[in-house]
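>>> heads up, no residue letters with this:
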């Protein structure tokens, strides 16, 4: 090997020995850059938490809700017609379902047919009362005549009695005067009895009239009830909205209380967010909430906390948990919080998922949250 070859080999070896330190230095710079980025990201995140995040109370257990109406049948009968279709928009008062009304129409006509009979009975009783009152008037007039004749008989008897005592009138005249006086007294008693009998007849007729009027009122209530039943054979939309979940078909027999369909209102949607019990201390009505609705591609809208439920969701469940057992496991409970949506919000549907963040800094003045932030 020549001298030049030995020099070239030595240079190559030197370069090979120098390369590893260069690689180690580059790796250190990369790791340092990553650490710096991590430090900057952590600082940025910490700054964001300190300036904003620590004031936010959030949950993803939230959904759009609506006070929908479940249309149910008050009557039993066969479905005659369903003039609407699923997901159709309806206005308040539009017909949703009609039930065959033949039986209910007959019941109404039967009740109405009895009403004229009672009206004629009342008219007859009124005429009898009028006649009885006239009888009282006549008896009172007869009483006046009887009293006048009685007064005359008493005067005549007293005069003849005096004349008979002086032997001017005969005993026969006195006997006639006494008989006339007794007859006058009997006539007066008869007139009084006629008056009492006529008044008693009036009282009987008035009681009969009251009984008939009571029967008429009951019949009128039967008519009103039959009319209401007939009206309820037509089920109408309680408000403007969209018909959904139609659960019956034409010709199907429905029972009382059977659920036929549902109507979801056009307006009045809200968000119900279920916050953990450990988050409630920072939530009061009036706070501003940022709502990210999945169906709106995450576009955030601003809502307002309206109220906090008085109990956890488990309390209102069909079968509340019985914690008085030996195998008790503590589970963080959630409390529903109602959040109002802006009036101009459109395109939402009940049941959509929402991510909610409530800003504690917007708590109304005077609340414990606002005082704590001070």
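Good, I have the coordinates. Because the structure is predicted, anything quoted here is derived from the model rather than measured. Residues are numbered from 1 along each chain as shown.

>>> So for residue 14, what's the pLDDT?
pLDDT, residue 14: 57.

>>> Please disregard the earlier target; I meant residue 3.
Confidence score, pLDDT, at residue 3: 59.

>>> just residue 233 next, same as before
93.

>>> Then the one 4 residues further on?
Reading off the per-residue confidence, residue 237 sits at a pLDDT of 94.

>>> let's have the chain start at 17 instead
Yes, from this point I'll number from 17; that puts the last item at residue 253.

>>> Tell me which residues touch it, please.
For residue 253, the contacting residues are 106-110, 112, 259, 279, by CB atoms under 8 Å, 6 or more residues apart in numbering. C-beta coordinates here come from the backbone N, C-alpha and C atoms, glycine included.

>>> Just the buried residues from these, in PyMOL please.
Restricted to buried positions by 16 or more other CB atoms under 10 Å, the PyMOL selection for the contacts of residue 253 reads:
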select buried, resi 106+110+112+259+279
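
>>> which residues of the protein fall in strands?
With DSSP state E as the criterion, the chain has strands at 72-81, 85-88, 93-97, 105-106, 111-115, 250-252, 257-260, 269-270, 275-281, 286-292, 304-309, 316-324, 350-356, 369-375.

>>> Are there helices or strands packed against the third one, and which ones?
Yep, that's strand 93-97 we're talking about. strand 111-115, strand 269-270 (3 or more CB pairs under 8 Å, 6 or more residues apart in numbering; DSSP states H and E).

>>> about what we covered before: going by distance to residue 331, which of the contacts of residue 253 wins?
Residue 331 has its nearest neighbour among the contacts of residue 253 in residue 279, at 28.3 Å by CB to CB.

>>> Touching, the closest one and residue 88? I think so.
No - Residue 279 lies out of contact with residue 88 (CB atoms under 8 Å); the separation is 11.6 Å.

>>> circling back: distance to residue 207 added to the strands of the chain, as a markdown table?
Shown next, in a markdown table, are the strands of the chain (distance: least, CB to CB, whole Å):
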| stretch | distance to residue 207 |
| --- | --- |
| strand 72-81 | 84 |
| strand 85-88 | 70 |
| strand 93-97 | 66 |
| strand 105-106 | 76 |
| strand 111-115 | 67 |
| strand 250-252 | 65 |
| strand 257-260 | 78 |
| strand 269-270 | 71 |
| strand 275-281 | 73 |
| strand 286-292 | 83 |
| strand 304-309 | 92 |
| strand 316-324 | 81 |
| strand 350-356 | 83 |
| strand 369-375 | 93 |
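
>>> Count the residues that sit near residue 65.
Residue 65 is flanked by 12 other residues according to other CB atoms under 10 Å.

>>> got a pLDDT number for it?
pLDDT recorded at residue 65 is 72.

>>> which ones are touching it?
Contacts of residue 65 by CB under 8 Å, 6+ apart: none found.

>>> repeat that for 10 Å
Contacts for residue 65 (CB atoms under 10 Å, 6 or more residues apart in numbering) come out as 71-72.

>>> Same question for the one 10 residues further on.
Contact analysis of residue 75 by CB under 10 Å, 6+ apart lists 289-292, 295, 350, 353, 370-374.

>>> Show me which positions of stretch 310-328 end up buried.
Result for stretch 310-328 [16+ other CB under 10 Å]: buried residues 317, 319-321, 325, 328.

>>> got JSON lines for those, with pLDDT and distance to residue 93 too?
Listed next are those as JSON lines, based on pLDDT from 0 to 100; distance: CB to CB, whole Å:
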{"residue": "317", "pLDDT": "90", "distance to residue 93": "45"}
{"residue": "319", "pLDDT": "93", "distance to residue 93": "44"}
{"residue": "320", "pLDDT": "94", "distance to residue 93": "45"}
{"residue": "321", "pLDDT": "95", "distance to residue 93": "46"}
{"residue": "325", "pLDDT": "92", "distance to residue 93": "39"}
{"residue": "328", "pLDDT": "88", "distance to residue 93": "42"}
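
>>> just curious, which of those is nearest to residue 133?
Among the buried residues of stretch 310-328, and counting by CB to CB, the member closest to residue 133 is residue 325, at 57.9 Å.

>>> The residue positioned nearest the centre of the chain bridge partners, please.
Centroid-nearest residue in the chain, with CA atoms, centre = their mean: residue 85, separated by 10.7 Å. Beta-bridge partners recorded for residue 85 (DSSP bridges): residue 279.

>>> Contacts only, for it.
Residues near residue 85 by CB under 10 Å, 6+ apart: 253-255, 257, 277-281.

>>> What ranges does the protein have for its helices?
Counting by DSSP state H, the chain has helices at residues 19-67, 118-181, 187-247, 384-389.

>>> Would you map out the domains in the chain?
As given by automatic domain parsing, the domain ranges for the chain are 73-83+281-333+346-389, 88-115+250-279, 118-247.

>>> sorry, back to before: and the contacts of residue 253, which two are furthest apart?
Maximum distance among these (CB to CB): 13.5 Å, for 109 and 259.

>>> Filter the contacts of residue 85 down to the buried ones, PyMOL style.
To isolate the buried ones among these in PyMOL, judged by 16+ other CB under 10 Å, type:
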select buried, resi 253+255+257+277+278+279+280+281
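
>>> ok, now how distant is residue 148 from residue 161?
To residue 161, residue 148 is 20 Å away according to CB to CB, to the nearest Å.

>>> neighbour count winner among those two?
residue 148 (20 against 12).
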